[in-house]
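Undergrad: No sequence on hand, only this structure:
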């Protein structure tokens with residue numbers, strides 16, 4: 001009798017593709033393509049998105065999935081010109097339209113030139129945080145006449161010259177992010193506005209530009225989103241250019257947060273000139289919101305739904321005016337605002353029944369009365385941020401749990417709540433993100449309630465010193481979808497708790513800082529059980545020794561970021577750890593007292609081509625070879641030197657050997 005999978009081979013490819021399309025989970029899709037070669041061939045023809053994390057597999061994957069349209073290489077450690085040229089330079093992915101090279105610090109103009117030649121249909125390129133990218137690299141991208149989206153955030157080498165090349169070569173550009181590109185000035189923005197009249201999205205945050213740039217930007221007839229966070233030289237006079245119907249009047253979203261020379265008068269110009277505005281963000285700009293400015297919000301009648309004014313003065317009349325003039329609000333940010341009380345929150349939500357996100361971070365006068373008002377009025381609520389609202393109790397959260405069934409995100413950091421609050425929130429079956437840091441009264445019983453929230457993906461228990469292993473057992477049983485878990489300084493947790501955590505199949509980000517009862521046995525369990533783990537913080541886990549780190553080196557093959565500062569690791573195991581973790585990009589190595597100077601140098605040499613970020617103590621700055629430091633920096637690794645004293649309990653450790 002023929003094997004079962006033989007019957008699959010007689011099915012037409014379109015039917016196999018139809019079957020694959022009906023499988024939503026990536027893990028299940030992987031299992032299907034392993035069933036038979038027929039399914040694998042079908043997926044090769046059907047797949048449009050590809051995320052690669054190992055550079056040695058890039059070429060093979062591109063040849064296999066030649067029909068892809070989107071390629072994400074942001075997590076591909078050690079990516080350089082040679083690798084990029086070999087994979088994309090030969091035209092193996094001719095239909096590629098979108099590529100993400102974020103933080104690909106080893107990529108320069110040669111690799112980009114090969115990519116452009118091999119993928120002429122590219123429409124979207126992300127080079128954000130590529131420290132080696134400058135005008136020459138950007139000039140290569142200007143050869144993509146069909147480029148519509150370009151991201152250059154923190155590409156510090158890009159100047160007006162590079163921006164001019166893009167503006168001239170890519171007139172159809174629609175989205176551009178040049179945040180933190182400090183060499184770009186008013187001249188570059190002027191040329192951009194002249195040549196790229198199709199721009200719909202522009203982010204110039206933290207640029208040293210002046211009002212002249214806003215004059216140029218105001219001529220863009222199709223601009224919908226403008227972000228200029230932290231543009232300190234922009235004033236109300238610059239925003240006044242937008243109060244002209246002859247200029248750009250299509251803006252839907254404006255963000256002037258941290259523009260300290262912008263006041264309410266500038267916002268009035270934006271509001272009066274754009275009746276279709278939908279989002280307005282002006283956090284940390286000024287201390288007072290005049291009533292005449294807020295009354296102008298009534299002019300925005302075409303779907304205005306988001307306002308964020310963190311750090312402003314918002315007394316009762318102000319929030320009342322916002323509620324009266326913006327009945328369609330879905331998001332409001334009032335974090336650290338002065339004057340927020342129960343009365344004005346009640347006035348606001350009574351008019352804004354469609355609110356989905358409410359940020360009351362550090363609004364210290366808010367009590368349960370506000371929560372009751374929100375629960376009674378905002379039945380569609382999805383996100384409620386209450387960090388440091390210390391006057392709220394479980395009584396208010398009872399109403400939230402009963403009346404807000406769509407709640408997906410709650411931040412109760414530093415609210416000092418107990419298990420009763422979690423019992424109330426356990427009614428929120430859609431809950432996906434929960435922050436409970438600095439709530440020491442929460443115990444394992446509280447986590448037992450939260451375990452009923454099966455869709456939970458992120459849980460922050462920072463310094464929740466009342467929880468232990470039993471609480472983690474409940475989470476591991478009920479919350480199988482957790483991807484991010486913070487257990488820092490939960491000192492009652494032991495190896496048994498780690499065994500429970502190791503049963504979370506989708507866990508990617510785990511913080512265990514300061515867990516002194518966790519030993520190598522617990523870490524080996526995590527490494528073996530959590531195959532998707534990409535970020536791990538073991539800082540000050542003093543009971544973890546070489547055995548635990550060897551377990552990570554063998555099993556945690558997908559780790560990209562690790563913090564082992566203040567840990568008891570030997571130099572031999574450190575070298576092996578950094579060598580074996582092929583995907584490693586970010587490592588923190590502060591005060592490893594059992595590692596000599598030579599050990600640090602050998603360890604860093606073992607991962608030269610991978611690292612993008614490195615944290616070391618200042619004491620090593622004059623010890624490690626300057627040539628080695630230079631090589632790391634030339635390959636795009638950003639080194640952060642920290643000057644922290646060695647704790648008294650580590651001073652008896654063997655000192656580093658003297659220079660040879």
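TA: Received it, and whenever you're ready, just let me know what you need. Here the structure is a predicted model, which means the values were calculated and not measured. Numbering: from 1, shown residues only.
Undergrad: gap between the two ends of stretch 215-222?
TA: 15 Å (C-alpha to C-alpha, to the nearest Å).
Undergrad: Test for you: state the pLDDT assigned to residue 319.
TA: Looking at residue 319, its pLDDT is 87.
Undergrad: Could you do residue 625 as well?
TA: Per-residue pLDDT puts residue 625 at 89.
Undergrad: and what of residue 309?
TA: Residue 309 is given a pLDDT of 92.
Undergrad: Next up, the contacts around the closest residue to residue 546 other than its chain neighbours.
TA: Nearest non-adjacent residue to residue 546, counting by C-beta to C-beta, 6 or more residues apart in numbering: residue 573, 4.4 Å away. In this view, the C-beta of every residue, glycine as well, is placed from N, C-alpha and C. With contacts defined as C-beta atoms under 8 Å, 6 or more residues apart in numbering, residue 573 is in contact with 546, 549-550, 553.
Undergrad: Just the buried residues of the residues you listed.
TA: 546, 549-550, 553 (16 or more other C-beta atoms under 10 Å).
Undergrad: Specify which member of those residues is nearest to residue 105.
TA: residue 553 (23.7 Å; C-beta to C-beta).
Undergrad: Pretty sure the closest one sits in a helix.
TA: Yes - looking at residue 553 with DSSP: H, G, I helix; E, B strand; the rest coil, it is inside a helix.
Undergrad: residues near the closest residue to it other than its chain neighbours, how many?
TA: Take residue 553 and drop its neighbours on the chain: the residue closest to it by C-beta to C-beta, 6+ apart is residue 580, 4.0 Å away. Using other C-beta atoms under 10 Å, the number of residues around residue 580 comes to 19.
Undergrad: Then residue 264?
TA: Residues near residue 264, counting by other C-beta under 10 Å: 20.
Undergrad: what's it in contact with, if anything?
TA: Counting by C-beta under 8 Å, 6+ apart, residue 264 has contacts 286, 288-290, 292-293.
Undergrad: And for residue 166?
TA: By C-beta under 8 Å, 6+ apart, the neighbours of residue 166 are 138, 141-142, 147, 150, 173, 176, 192.
Undergrad: Do you know the pLDDT at it?
TA: So, for residue 166, pLDDT stands at 97.
Undergrad: ok, and for the strand or helix carrying it, which residues are buried?
TA: In the assignment (DSSP states H and E), residue 166 maps to helix 160-169. By neighbour count on 16+ other C-beta under 10 Å, the buried set for helix 160-169 is 160-167, 169.
Undergrad: what do you get for stretch 292-301?
TA: Using 16+ other C-beta under 10 Å as the test for burial, stretch 292-301 gives 293-294, 296-297, 300.
Undergrad: And for stretch 614-621, what's in contact with it?
TA: Under C-beta under 8 Å, 6+ apart, the answer for stretch 614-621 is 563, 565, 586-591, 597, 600, 604, 624, 632, 637-644.
Undergrad: Show the end-to-end separation of it, please.
TA: One end of stretch 614-621 to the other measures 13 Å (C-alpha to C-alpha).
Undergrad: Can you give the distance of that stretch from its chain's centre?
TA: 26 Å (C-alpha atoms, centre = their mean, to the nearest Å).
Undergrad: now do stretch 589-607
TA: Its chain's C-alpha centre and that of stretch 589-607 lie 29 Å apart, by C-alpha atoms, centre = their mean.
Undergrad: average model confidence for that stretch?
TA: Stretch 589-607 comes out at a mean pLDDT of 92.
Undergrad: And stretch 227-243, by the same measure?
TA: 94.
Undergrad: Same question for stretch 191-210.
TA: 97.
Undergrad: Please point out which parts of it sit buried.
TA: For stretch 191-210, a neighbour-count test (16+ other C-beta under 10 Å) marks 191-193, 195-196, 198-207, 209-210 as buried.
Undergrad: How about stretch 234-245?
TA: 234-236, 238-243.
Undergrad: nearest to residue 532, of those residues?
TA: Closest to residue 532, out of all of those and judged by C-beta to C-beta, is residue 234, at 43.2 Å.
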